[in-house]
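> Have a look at this prediction, sequence included:
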Amino acid sequence: MRSARAALALPIVLFVAAAAARTPAPAGDAAPSATVPVEEPRAARALRDREFGVTSRQFGLDRRVEMYQWRATASGYERVWNAAPIDSQGYAPGHQNPPTLPLENRRWWSDSASLDGRPIEAGVLHALGEWRVFRPNFSRLPANLAATFQPEGDGLGSAENPLDPQIGDLRVSWRELHLPPLEGKLELVDGRWRMSAATAAAALNAAPVPAPVAAPEAEGARRMWPWFGGGALVIVIALVARRRRRVKAKANAAAE
């Protein structure tokens, strides 16, 4: 008798279990999904350094500007490339640096990163992204900058002779942000990919380096950009040209 009852109850138990598995969780719970990514992450829109015509299809674009400057040492002075102005107040005559860099170091982040058609939170890019140096295609370099800069290494330089740069010369390089394999590192919450708790805890061990952030430009900002960008580039070209004239004048005076 008991075996007969058990046989009748088994289909009912299986039906209830199957129904429970198909029943959606309450809308307010928003539990993380264990969905495993299938496709590779992608960025729908390219990032652009409009001043130099540099474009990247990756998840971040970083521009590094360095200037050749004097730096005081224990035994005197040395000339170095540095990404920030070196204060030369108090230096001996003939060892003055330009007070500012005529171009900014800048960083752009993608706001269109997605995985399997779902958006990726910005925190994932900041914590897990890997910066890699790349050599852009300079075919879109504006003509006025092409007259001032020339290819040097993976970037551009303003020195007439890259092997003998002068104080005030500039060099510019770029990096792209790549995402590593993300399997097991993300979870899908409210339709967006974010770091899993374990990945977020591990990411805390890596201290991020602060950097300028370029927010996506509004339409009004894009319309005004040629005025601001053009003005900055004119200043750069004028400064480099003036420095070159001074170097040539000193060389001619020494020859006489």
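Perfect, thanks for sending it. Numbering: from 1, shown residues only.
> what residue ranges in the stretch 151-256 of the chain score low on pLDDT?
Where the stretch 151-256 of the chain drops to pLDDT under 70, the residues are 205-256.
> the helices in it, which residues?
Along the stretch 151-256 of the chain, the stretches classed as helices by DSSP state H, counting those that start in this stretch are 197-203, 219-255.
> if we look at the shortest one, which residues are touching it?
Think helix 197-203. Among residues not part of helix 197-203, those counted as contacts by CB atoms under 8 Å, 6 or more residues apart in numbering are A127, L128, K185, L186, M195. Every C-beta, even on glycine, is put in place using the N, C-alpha and C of the backbone.
> Pull out the buried positions in the longest strand anywhere in the chain.
When the chain is parsed with DSSP state E, its longest strand is strand 60-73. If you call a residue buried by 16 or more other CB atoms under 10 Å, then strand 60-73 has these buried ones: G60, L61, D62, R63, R64, V65, E66, M67, Y68, Q69, W70.
> separation between the last one and E152?
If I follow you right, that is W70. The gap separating W70 from E152 is 21 Å, by CB to CB, to the nearest Å.
> Other residues contacting stretch 115-122?
Contact partners of stretch 115-122, identified using CB under 8 Å, 6+ apart, comprise 35, 37-42, 109, 111, 113-114, 182, 186, 188, 191-195.
> Would you confirm that L177 contacts V124?
No. Counting by CB atoms under 8 Å, V124 is not a contact partner of L177; they are 11.0 Å apart.
> partners of the longest strand of the chain in the sheet?
Next to strand 60-73 in the sheet, as set by DSSP bridges, lie strand 76-82 (antiparallel), strand 106-109 (antiparallel), strand 170-178 (antiparallel).
> Among the contacts of stretch 115-122, which lie within strands?
R42, W109, A113, S114, L186, L188, R192, W193, R194, M195.
> What count of nearby residues applies to the last one?
The reference is to M195. By the criterion of other CB atoms under 10 Å, M195 has 20 neighbours.
> next one: the fourth one
Close neighbours of S114, defined as other CB under 10 Å, add up to 16.
> Could you do the third one as well?
If you count neighbours by other CB under 10 Å, A113 ends up with 24.
> model confidence over stretch 87-107, on average?
Per-residue pLDDT over stretch 87-107 has a mean of 96.
> again with stretch 116-130
Averaged over stretch 116-130, pLDDT sits at 96.
> Now do the buried residues in that stretch.
Neighbour-count burial for stretch 116-130 flags P119, I120, V124, L125, A127, L128, G129 (criterion: 16+ other CB under 10 Å).
> Take those residues and lay them out in TSV including secondary structure and distance to F52.
Formatted as TSV, those follow (DSSP: H, G, I helix; E, B strand; the rest coil; distance: CB to CB, whole Å):
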residue	secondary structure	distance to F52
P119	strand	29
I120	strand	27
V124	helix	28
L125	helix	22
A127	helix	28
L128	helix	27
G129	coil	22
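> tell me the phi and psi of Q166?
Here is the backbone geometry of Q166 (degrees, to the nearest 10): phi -110, psi 160.
> wait, isn't it in contact with S158?
No. Q166 lies out of contact with S158 (CB under 8 Å); the separation is 9.3 Å.
> quick one, which of those two is more surrounded?
Using other CB under 10 Å, the more surrounded residue of Q166 and S158 is S158, with 27 against 16.
> JSON lines for the buried residues of strand 60-73, including distance to G53?
Below are these laid out as JSON lines (distance: CB to CB, whole Å):
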{"residue": "G60", "distance to G53": "18"}
{"residue": "L61", "distance to G53": "12"}
{"residue": "D62", "distance to G53": "16"}
{"residue": "R63", "distance to G53": "12"}
{"residue": "R64", "distance to G53": "17"}
{"residue": "V65", "distance to G53": "16"}
{"residue": "E66", "distance to G53": "20"}
{"residue": "M67", "distance to G53": "21"}
{"residue": "Y68", "distance to G53": "24"}
{"residue": "Q69", "distance to G53": "27"}
{"residue": "W70", "distance to G53": "32"}
